[in-house]
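Trainee: structure for this input, please:
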Amino acid sequence: MKQTPASRKANETLRDKIASVVLFHISDPRLQMVTITACEVSKDRSVADVYVSADKERYEEVMQGLEAAKGRIRSLVGKELGWRVTPELRFRIDKSVDTAEHIAAVLESEQKWFDSISQEQ
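Mentor: The predicted model follows:
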């Protein structure tokens, strides 16, 4: 979906509000060290995909915590947003961090290989 300035602002506003609520109002230990990386709000603002990042090993635990707190998060965010409708929140794992780490590891491996070849010559 193409982003307009208004949709970009809506996405950023929702991300900021959710991050604040999770940080300051949700005390579930499963949600410690969780980062809200992005939001994609539907055009009619009825649904929002919320992307979160955490340690790989904790994905399942984090998703369980978010699902358990989803209603409270939505309620608190709705009070702060001032939108006519508070979107239904659909939490998703943002795997871009994992992808970046994998790419960095591959590049490092290639660099080591290149360095070892250079030293042999």
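Trainee: tell me the secondary structure at the residue nearest the centre of the chain.
Mentor: The centroid of the chain falls nearest to Val52 when counting by Cα atoms, centre = their mean (2.3 Å). Three-state call for Val52 (DSSP: H, G, I helix; E, B strand; the rest coil): strand.
Trainee: can you check Asp98 too?
Mentor: Asp98, by the three-state scheme (three-state DSSP), is helix.
Trainee: for it, list the residues it contacts.
Mentor: Lys56 (Cβ atoms under 8 Å, 6 or more residues apart in numbering). The way it works is simple: take the backbone N, C-alpha and C, and place the C-beta from them, glycine included.
Trainee: low-confidence ranges in this protein?
Mentor: 1, 121 (pLDDT under 70).
Trainee: okay, strands next: where are they in it?
Mentor: Here the chain has its strands, by DSSP state E, at 35-41, 47-53, 88-93.
Trainee: could you export the ones you listed to a markdown table, including columns for distance to Ser7?
Mentor: Below are the strands of the chain laid out as a markdown table (distance: least, Cβ to Cβ, whole Å):
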| stretch | distance to Ser7 |
| --- | --- |
| strand 35-41 | 7 |
| strand 47-53 | 11 |
| strand 88-93 | 17 |
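Trainee: contacts only, for the residue nearest to the centre of the chain.
Mentor: So Val52 contacts 34-37, 62, 66, 91-94 (Cβ under 8 Å, 6+ apart).
Trainee: follow-up on the earlier one: now for the strands of the chain, which one comes closest to Ser116?
Mentor: Closest to Ser116 of the strands of the chain is strand 47-53 (Cβ to Cβ; 33.8 Å).
Trainee: direction included, what does that closest one pair up with?
Mentor: Sheet pairing of strand 47-53 (DSSP bridges) gives strand 35-41 (antiparallel), strand 88-93 (parallel).
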